[in-house]
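Asks: pasted the sequence and its predicted model underneath.
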Amino acid sequence: MSHPEPEESAPIRGSEVGSHLVELVYEQLRKVAQLRMQGERQGHTLQATALVHEVYLKLAEGRAVPWSARKEFYAAAAEAMRRVLIDHARMRGTAKRGGARRREVLNVADLAQHDDPSFALALDDAIGRLEREEPRAAAVVRLRFYAGLSVEETAETLGQSRRTTLRDWEFARAWLRDALGEGC
Amino acid sequence: MAEKTLRDLFAEALELPSRERESYLQRACRGNDELRARVLRLLEVHERDDGFLALPELASEGTAELGSIGPYTLLGRLGEGGFGAVYLARQERPVRRELALKILKGGVEEQAIARFEIEQRALALMDHPCIARVFDGGADESGRPYLALELVRGQPITKYADQRGLDVRARLELLVAVCHGVHHAHQKGVLHRDLKPANVLIAEQDGRPAPKIIDFGIAKAFGALRERALGDSPVATERHQLLGTPQYMSPEQAASSPDLDTRTDIYSLGVLLYELLTGATPFEAERLRAASLTEVQRILREEEPVRPSLRVAELAPQARRALAEARGTDAPRLARALRGDLDWIALKCLDADRTRRYDSASALALDLERHLAGEPVLAAPPSRAYRLRKFYRRHRVEVFAGGAVLLALLAGAIATAIFAVRASRRAEETRQVAEVQQEVLAKLDALQMGQELRQQFFEQARRAWQLDDKSAVEMSELERKLEEAIAEICFTTLALQALKGNLFKPLRDSIEKGLSERPLVKARLLHHLAVKMRRLGLFDDALQPQLDAVRIYEQHLAPDHGDLLEAHHQLAELYVLRLEPARAEPHVRRAHEGRRGALGLDDERTLESALLLGRTLWRQHRLEAAEAQLRETLARACAALGERHALVPHARWRLSQVLQGQRRTEEALPLALQALAALEGTDRESRVIRQQVAGTVASLQELRGWSKDSERRWERSSMEMIRCVGRVHRDSLYQQLRLEHMRQLRGAASGPRISELTSRCRRVLGDDHSDSQAAIRLQASWLASSGALGDAEQLLRALMSRERPLDPERLWEVQLLALQLADVLVQRDRADLAQALHREQIERALRHSEAWMGEVRFPAFFVSLCAHLNAIKDDGAMRERFLRALRERYPAEDRRLLEAQAHIASHLLGQERFDAAERVAREALAAAASAGREAEALELRALLADALAGSGRLAEARLEYERVHRAARDGSSAKLAIEMPHALGYALCLGGLGEHAEAERVLRESFPAFEAGPSAELRPRREVVEALIAICEARERAEPAGDHGLRAEPWKALLALEG
């Protein structure tokens, strides 16, 4: 039951992703996200999956994006999305505006509209700490949360099994909740 | 045991029922209480899930993950695809049923929804048991597009087939049903675009497999939405596909072609077929995933999938067994089942050129059914020529439209003139017409015409595109494609055909009809016409008018009239070029004698005929007579016309060819080099001849052993020839062929280059031309050497089975072909068939001995016939019959008989049948020596010595070697041909007798270049080096202390380097 998983592929760290690709994705994501955040119907803004797929399509257009580079692309997308959110949060200011509870943060859209802009920064900081302790679990979070990948896609991107990924994900969720404390 | 991490402990504890977790962690944390406490805390947090980061991918509203959409209640999640998630849903009204609900990820704009609904209505038209129904589609209140689909509970077709161990027949039957479904959808105008096992499910109904294709047209329907979302980019829909799995995708789809049609699905069906048969997709998923987009496109476009049978054959034995077992059979049976029909059916589906795929899914189904019923299938081994023919057929009308009109006008003008002068009795006018015709013909240049045709072709295409309002970018792209498509079309050949049909034929008709009362004018025009056609390479068409001209002149002119003699000369030239030298001889003799009488021996024209006579004799392999004739012609030409006259190098070249035929390489080479240096003309004809001479030089140098230099020479001469006459001219083809042949010999051939060359030869020269046959043989040999033995066999068999008249001149080609086929058969473990083939060829040769013993291309025929003889395993009975037939035909000292005996002796040596070799060599040697045939005697003696040495009679061998060696040292003409191997034999023999010093002396004398040590420039044959090492080692062993000079080490190193 508890034999170790065979896959040993290196997890993706935000800092390791080719910075050029991140810039490229970031630029695109920011544009698309800005458009989306300007008064579109609620619930349809900033959905990570849709955004990332769109940006992927835009970038892939007319360019030879290697199939193998999808891994890097998603990592870059996660990193770029993280920056979009951080930028967005900084723009909104860091003042705490009252009692938002984190359970409302179901996805990046919620994060972007979180009553407390500093929450995005706190979450990012927590993910950074998780990365130091359990790099693979942090990579799963980045891909799942920031790039909006499904468990299957994340597993494929990281080259590990679905089960491992799911466990990583459950672990990371619990870890982050624990780290962010109950009531913030 | 390594310390478990927090994450691992968490994950492992999570697997356990909650009451067991405590005790598990107690054990696993081994006293690390802090760690245990952390895990427990995380587990606790996990249990109290408050939805943080729950990422419900569907419900962006943030309500419950499952709810309802439109009229459907979501019951559970079935899976996720490239576009969105699929849910199990329930419909309450109008009927209560369960169905699959496919919901697009992300939001879309409202306008797009309308298009989506149009698409979905098209999908609803499909009604076929093999296609999952599309019930409904649209968008819910919040704008989420969805499709309601028939719920299919089944397994992917490949998985189903493997799990049930379906045999090949059952698999094919399943696929046939799938094809019918696909065909139905195609008839409704719907493409699937994403056929793959996951979309072809097999459910069981009443215990029978029932295929259901799901997601038909879904890609397009959702793509319509995506397109909007991406801002109307027309290729976005297809671009989308690249997010999917490329191994099932047609090349055009991977290339984001905007005009996909039903044949993209045919391709995917081909992949399914391939996978059902072989367990793998044509191109490995791994490889495609690792490749860049452009690389994927290139692979799909350019690489040809391995045939299914070969793919299976290439598997490791264990995997092959497993694969066969999953198909209810064993490996050999499986291979047999796939080979042939199924190979070709799969490859036909998978052709990168969609015009060569089945044109409908039902055509594919039909072919599969034919195969199942044991009937012949439509699919056939692909041929490269096919595509060209197809293109050619499509475009020939346009191609000829431009050129033909012009030619018809030209022919018309001349014909009118001919009719105009028919009535006229005035000699002046007659002469004028003849001159007009001559002038017009003189200007004809098929190459240039070809270029013009090509230009016209492009102009017409451009005009058509302009009418279609193509943009400049599109036009240049189209042009590039067109350029690519017609790269293989020889416009020179087209021009020639146009000339034949539109100029030469009408011209000849009008000459025949219009000038029956003016025979001399008629003969003159016919003569010029024939000469022109001959110069253009139309040997067949030229023959009749040339014969007519001679006949008419004979009737009306004095026997020594210049025009008559010229006509005879030209007819002889034509016969020589047609490789009918015996027919040429009386005519060239007529011309020569007539001119000698009328003009004198030293006249230019007399000498031209003398030269042609020499060539005629050479072509008949009457080499002594040819040599005498050419030597005399050369001497006279030098004296009478001067060294600088073009006839002189020409004569030298021809003489060198005769000497080459006599194996007098050392004499031939300087003559050819001299000729090459003297040919200075810069017009095309001189350049062509120069390259032909360069070819002779190169092949002479080849006889002295391969060197980089001779290959470079061929390369250069081939390039130059291409520049002169184009890539598709017969002369340049010959040069290219020689070059490729040489590369093949040293294992540096390129398959694509060879097959390109072959198809060019076949197109330009026709399948029956000697060079085409040589090219096909070369291709077969390349195929065989690269492991495609089946293909090689097929090619050779097709060539063998061609109907051909018994042409003694070309018997050798059949012999050679059979030899090659036998070789392939042996490699395919069919030695029995090979033996039968050898026997058949020899029997045939013996049956027709009268035909080939006459004036055939003797050596070529002979070499291959002897090879057949030597391959037969029958204790020499065939050999004896063959020698008997030769002895009956030729006197004992005849060169041909001697040569045959030398061949046989040398093959017997190769088989280490030394006694038999000795017998044959001795008998022939006696005959050769008594007839004073020095060169032959020398070679036979060397063979005798080899035979003696081989049977261990070293002392006797030494005597014979000594005589050979001495004669060779004395500068005999045959020196070079025999020196190298036999000097080595001599040295080895001496070494064997313990006379190492003497052996070394022989080596030093015979191979001065060896002293310099191994070098890249010198690449002696392997066995020579091996012999050298053996001697050196023997000597080092015998005299370990001595200074050996020549040492084995560097040669061993060289051998190791060469692998």
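Replies: Yep, it's here.
Asks: phi, psi of B:Ile131?
Replies: With angles defined as degrees, to the nearest 10, B:Ile131 sits at phi -120, psi 130.
Asks: need the contact list for it.
Replies: B:Gly181, B:His184, B:Ala185, B:Lys212, B:Ile213, B:Phe216 (Cβ atoms under 8 Å, 6 or more residues apart in numbering or on different chains). The C-beta positions use only the backbone N, C-alpha and C, and glycine is treated the same way.
Asks: and residue 157, how many residues sit next to it?
Replies: You didn't say which chain, so I picked chain A. Applying other Cβ atoms under 10 Å in any protein chain shown, we find 23 other residues in the vicinity of A:Thr157.
Asks: if you could check chain B rather than the one you did, that'd help
Replies: So B:Ile157, with other Cβ under 10 Å, has 27 neighbours.
Asks: what pairs with the nearest residue to it once chain neighbours are set aside across the strands?
Replies: Closest residue in space to B:Ile157, ignoring its immediate chain neighbours: B:Val200 at 4.4 Å, by Cβ to Cβ, 6 or more residues apart in numbering or on different chains. As for beta bridges, B:Val200 partners with B:Ile213 under DSSP bridges.
Asks: give me the number of residues near B:Val200?
Replies: 29.
Asks: that one against B:Pro211, yeah?
Replies: Yes: with contact defined as Cβ atoms under 8 Å, B:Val200 reaches B:Pro211; the gap is 6.3 Å.
Asks: emit the ChimeraX select command for whichever of the contacts of B:Ile131 are buried.
Replies: Restricted to buried positions by 16 or more other Cβ atoms under 10 Å in any protein chain shown, the ChimeraX selection for the contacts of B:Ile131 reads:
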select /B:181,184,185,212,213,216
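Asks: ok, so of the contacts of B:Ile131, who is nearest B:Ala610?
Replies: B:Ala610 has its nearest neighbour among the contacts of B:Ile131 in B:Ala185, at 77.9 Å by Cβ to Cβ.
Asks: am I right that the closest one is in a helix?
Replies: Yes: assessed with DSSP: H, G, I helix; E, B strand; the rest coil, B:Ala185 lies in a helix.
Asks: what residues are up against it?
Replies: B:Ala185 touches B:Met126, B:His128, B:Ile131, B:Leu191, B:His192, B:Ile213, B:Phe216, B:Gly217, counting by Cβ under 8 Å, 6+ apart.
Asks: now, which of those lie within strands?
Replies: B:Ile213 (DSSP state E).
Asks: which of the contacts of B:Ala185 lies closest to B:Gly992?
Replies: B:His192 (76.1 Å).
Asks: name the SS class of B:Ile202, please.
Replies: strand.
Asks: give the buried residues for the helix or strand harbouring B:Ala319.
Replies: Using DSSP states H and E, B:Ala319 maps to helix B:317-326. Judged by neighbour count (16+ other Cβ under 10 Å), helix B:317-326 contains these buried residues: B:Arg320, B:Leu323, B:Ala324, B:Ala326.
Asks: need the contact list for the first one.
Replies: Residues counted as contacts of B:Arg320 (Cβ under 8 Å, 6+ apart) are B:Val312, B:Ala313, B:Ala331, B:Leu334.
Asks: now do the third one
Replies: Listed by Cβ under 8 Å, 6+ apart, the contact partners of B:Ala324 are B:Asp330, B:Ala331, B:Arg333, B:Leu334.
Asks: re earlier: overlap in contacts, B:Val200 and B:Pro211.
Replies: B:Ile157, B:Val178.
Asks: narrow the contacts of B:Arg320 to those in helices?
Replies: For the contacts of B:Arg320, the ones inside helices are B:Val312, B:Ala313, B:Ala331, B:Leu334, with DSSP state H as the criterion.
Asks: between those, which is closest to chain A?
Replies: Distance to chain A across those (Cβ to the nearest Cβ) is lowest for B:Val312, with 26.8 Å.
Asks: so the closest one sits against B:Arg321, correct?
Replies: No: between B:Val312 and B:Arg321 there is no contact, the gap being 10.8 Å when judged by Cβ under 8 Å.
Asks: next, show the common contact partners of those two.
Replies: Once Cβ under 8 Å, 6+ apart is applied, the residues that B:Val312 and B:Arg321 both contact turn out to be B:Ala331.
Asks: quick check: B:Thr5 vs chain A, distance?
Replies: Distance, B:Thr5 to chain A, by Cβ to the nearest Cβ, to the nearest Å: 7 Å.
Asks: so what's whichever residue of the stretch 751-900 of chain B sits closest to chain A scoring on pLDDT?
Replies: Per Cβ to the nearest Cβ, B:Pro752 is where the stretch 751-900 of chain B lies closest to chain A, at 24.2 Å. B:Pro752 carries a pLDDT value of 82.
Asks: wasn't it part of a helix?
Replies: Yes: assigned with three-state DSSP, B:Pro752 falls within a helix.
Asks: just give the number of residues close to it.
Replies: 8.
Asks: next, the contact list for it, please.
Replies: So B:Pro752 contacts nothing (Cβ under 8 Å, 6+ apart).
Asks: and what of B:Arg97?
Replies: B:Arg90, B:Gln91, B:Leu151.
Asks: got a list of what the last one touches?
Replies: Residues counted as contacts of B:Leu151 (Cβ under 8 Å, 6+ apart) are B:Leu88, B:Arg97, B:Glu98, B:Leu99, B:Ala100.
Asks: how's chain B carved up into domains?
Replies: B:6-42, B:68-382 (automatic domain parsing).
Asks: ok, residues contacting the helix or strand where B:Leu310 lies?
Replies: Per DSSP H and E, B:Leu310 falls inside helix B:308-313. Residues from elsewhere that reach helix B:308-313, judged by Cβ under 8 Å, 6+ apart: B:274, B:277-278, B:280, B:305, B:320, B:323, B:331, B:334-335, B:338-340, B:342-343, B:346, B:790.
Asks: please look at A:Ile127 and A:Ala138 and confirm they touch.
Replies: Yes: using Cβ under 8 Å, A:Ile127 is in contact with A:Ala138, at 5.7 Å.
Asks: neighbour count winner among those two?
Replies: A:Ala138 (25 against 22).
Asks: now do the more buried one, the pLDDT please.
Replies: 91.
Asks: if we ignore the residues flanking it in sequence, what's nearest it?
Replies: A:Glu131 is the one closest to A:Ala138 (Cβ to Cβ, 6+ apart), at 3.6 Å.
Asks: the one you found touches A:Asp125, doesn't it?
Replies: No: at 10.6 Å, A:Glu131 does not count as touching A:Asp125 under the criterion of Cβ under 8 Å.
Asks: pick out whichever of those two has more residues nearby.
Replies: It is A:Glu131, of A:Glu131 and A:Asp125, that has more neighbours when counted by other Cβ under 10 Å, with 19 against 13.
Asks: so for that one, what's the pLDDT?
Replies: At A:Glu131, pLDDT is 89.
Asks: how near is it to chain B?
Replies: Taken as Cβ to the nearest Cβ, the span from A:Glu131 to chain B is 12 Å.
Asks: for the host helix or strand of that residue, which positions count as buried?
Replies: Element membership for A:Glu131, per DSSP H and E: helix A:118-133. Neighbour-count burial for helix A:118-133 flags A:Ser118, A:Phe119, A:Ala120, A:Ala122, A:Leu123, A:Asp124, A:Ala126, A:Ile127, A:Leu130, A:Glu131 (criterion: 16+ other Cβ under 10 Å).
Asks: helices or strands up against that helix?
Replies: With contacts taken as 3 or more Cβ pairs under 8 Å, 6 or more residues apart in numbering or on different chains; DSSP states H and E, helix A:118-133 sits against helix A:69-92, helix A:108-112, helix A:135-141, helix A:162-180.
Asks: pick out the shakiest of these, pLDDT-wise.
Replies: Minimum mean pLDDT among the helices and strands packed on helix A:118-133: helix A:108-112, a mean of 61.
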